[in-house]
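Peer 1: What shape does this take:
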Amino acid sequence: MTTYLRECSVVFRRQIRMNLRNPAWVLIGIMQPVLYLVLFGPLLKPLVASFDSGTTNAYTFLVPGLLVQLGMFGAFFAGFGLIGEWREGVVEAERVTPASRSALLVGRLMRDILQLLVQALILVGLGFAMGMRGALTGVALGILLTLLVGGACAAASNALALTTKSEDVMAPVINIVMMPILLLSGILLPMTIGAGWLQRTSDFMPFRWIVDGVRDAFVGNLDTSGVMWGTTWALVLFGLAFWWGTSVFRKENA
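Peer 2: Numbers count the residues shown, from 1 in each chain. Take a look at the predicted model:
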């Protein structure tokens, strides 16, 4: 176990050094949810009372959705960097080391999750500054679920990167996947205000339950079915994505 952790740490430190050379990417990743917070939040103020979302505070409603969006969108693009590393021969160089193949993925996920944590704290801090109200325990749980979502998406992105080995293929695949997720997860507007067929379709969208769970957590309702299902789906998605990512890394390095 000590050897495995050391291998993960070596990969993690290398990835962090790469990020520190260009820290602008941390800010670029958070720009979209911040813009939604600043520009879209005020539009929700006269509407949020009619959403039946458990809160009348527009930012308490919006920030949880933006957190999940940050976890999804930011982490889904992690694989583009891996394609660059593969093209430059970094992945090939790692193949000849005795390091565990799963450590090559875990070290990268540690970097992605740390970066997401920094971005999530910035977003939540801005939310509080703009008038968001939330239970601290629930906010902490919401951030934890966001990290699980981010880890799942980063693992899937890395697996897709090593499978396609092409930005030209990966980019449209991500866009095709992300668009229905964004529209059917209730990130910006609750699905309860949509048509019946939209609500029924969104019931099959795991991210919708995660968004609902994070929103319930933010208002302090930690014992709801929304929190239970949101946590369950976050764990399931993380487990499946980690299994896929590990399998692809092992196959790639076999």
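
Peer 1: Helices of the stretch 151-254 of the chain, residue ranges please.
Peer 2: Taking DSSP state H, counting those that start in this stretch, the helices of the stretch 151-254 of the chain run over residues 167-184, 196-202, 206-218, 225-252.

Peer 1: swap in the stretch 1-150 of the chain?
Peer 2: Assigned by DSSP H, counting those that start in this stretch, the helices in the stretch 1-150 of the chain fall at 2-21, 24-35, 41-44, 58-76, 78-88, 90-95, 101-129, 136-164.

Peer 1: Of the ones you listed, flag the one that's most buried.
Peer 2: Neighbour counts (mean count of other Cβ atoms under 10 Å) averaged over each of the helices of the stretch 1-150 of the chain peak at helix 58-76, with a mean of 26. (C-beta placed from N, C-alpha, C; glycine too.)

Peer 1: still on that earlier bit, may I see the helices of the stretch 1-150 of the chain arranged in JSON lines, with distance to Pro180 and mean pLDDT as well?
Peer 2: What follows is the helices of the stretch 1-150 of the chain, written out as JSON lines (distance: least, Cβ to Cβ, whole Å; pLDDT from 0 to 100):
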{"stretch": "helix 2-21", "distance to Pro180": "30", "mean pLDDT": "82"}
{"stretch": "helix 24-35", "distance to Pro180": "18", "mean pLDDT": "73"}
{"stretch": "helix 41-44", "distance to Pro180": "22", "mean pLDDT": "81"}
{"stretch": "helix 58-76", "distance to Pro180": "12", "mean pLDDT": "87"}
{"stretch": "helix 78-88", "distance to Pro180": "20", "mean pLDDT": "82"}
{"stretch": "helix 90-95", "distance to Pro180": "31", "mean pLDDT": "73"}
{"stretch": "helix 101-129", "distance to Pro180": "22", "mean pLDDT": "88"}
{"stretch": "helix 136-164", "distance to Pro180": "15", "mean pLDDT": "92"}
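
Peer 1: Quick one: closest of those to Leu183.
Peer 2: helix 58-76 (11.7 Å; Cβ to Cβ).

Peer 1: In CSV: the helices of the stretch 1-150 of the chain, plus distance to Trp233.
Peer 2: As requested, the helices of the stretch 1-150 of the chain are exported to CSV (distance: least, Cβ to Cβ, whole Å):
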stretch, distance to Trp233
helix 2-21, 26
helix 24-35, 21
helix 41-44, 25
helix 58-76, 11
helix 78-88, 20
helix 90-95, 31
helix 101-129, 18
helix 136-164, 9
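
Peer 1: Go through the ones you listed and name the closest to Ala171.
Peer 2: Going by Cβ to Cβ, the one of those nearest Ala171 is helix 78-88, 8.1 Å.

Peer 1: what's the closest non-adjacent residue to Leu44?
Peer 2: Ala58 (4.0 Å; Cβ to Cβ, 6 or more residues apart in numbering).

Peer 1: sorry, back to before: now that we have the helices of the stretch 151-254 of the chain, can you turn them into TSV and tack on mean pLDDT, mean neighbour count and distance to Gly81?
Peer 2: Shown next, in TSV, are the helices of the stretch 151-254 of the chain (pLDDT from 0 to 100; neighbours: other Cβ atoms under 10 Å; distance: least, Cβ to Cβ, whole Å):
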stretch	mean pLDDT	mean neighbour count	distance to Gly81
helix 167-184	84	14	10
helix 196-202	85	14	32
helix 206-218	92	27	23
helix 225-252	90	18	14
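
Peer 1: Select, out of those helices, the one closest to Gly131.
Peer 2: Across the helices of the stretch 151-254 of the chain, closest to Gly131 is helix 206-218 (Cβ to Cβ), at 13.5 Å.

Peer 1: tell me how far that closest one is from the chain's mean position?
Peer 2: 13 Å (Cα atoms, centre = their mean, to the nearest Å).
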